[in-house]
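fold the following for me, if possible:
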Amino acid sequence: MTQIRYLLDTSAILVHYRKELGWERVQALFEAPETEMSVASVTLTEFGRRLRDLGATEEDAVAAVADYLLLFSEVVVIDAAVANSAFVLGCRAAQRVPLVDALIAAAAHIRRSVLVHRNAHMRSISVDLVEQIDLEVNVK
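Numbers count the residues shown, from 1 in each chain. Below is the predicted model:
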């Protein structure tokens, strides 16, 4: 069986965590035996910070991040290759992509993973460069 690699953007994790529209699609990816799930290291910080913005205590945010880490087979470290790829993706995007989003997209690109998101900034990156599942438009 061929493994399919997916890298979740912070927006996809939040969709799943908050059970928003599209969360079932993320859950199905977690449960599918043919999937390999990963996350960029910066997503861990962004997820925790977003939970704090939503009212979680520091302890609850740390616990939620730790719980999600158990679901991923890899945390993609932001190294020089990812940083350089983020620059190139940003240059080629139709609109400005914030730095953290560019790094997350680049992590997917470097790992040849499908980027799963619900993020308008990611939509400006060509699917020729990074294959994507946009939870806002690809909800089943």
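
surely Pro98 and His121 touch.
Yes: if you go by CB atoms under 8 Å, Pro98 and His121 touch, sitting 5.9 Å apart. All C-beta spots, glycine's among them, are computed from the backbone N, C-alpha and C.

these two: who's more crowded?
Each of Pro98 and His121 has its neighbours counted (other CB atoms under 10 Å); His121 has more, 19 against 11.

any idea how far the more buried one is from Leu69?
24 Å (CB to CB, to the nearest Å).

with Ala120 instead?
27 Å.

now the strands for the chain?
In the chain, the strands defined using DSSP state E lie at 4-8, 35-40, 74-76, 114-117, 132-134.

can you list those in TSV and add mean neighbour count?
Shown next, in TSV, are these (neighbours: other CB atoms under 10 Å):
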stretch	mean neighbour count
strand 4-8	22
strand 35-40	21
strand 74-76	17
strand 114-117	25
strand 132-134	20
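
next, format those as CSV and append distance to Val26 and mean pLDDT.
Shown next, in CSV, are these (distance: least, CB to CB, whole Å; pLDDT from 0 to 100):
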stretch, distance to Val26, mean pLDDT
strand 4-8, 7, 97
strand 35-40, 9, 98
strand 74-76, 17, 98
strand 114-117, 7, 98
strand 132-134, 9, 97
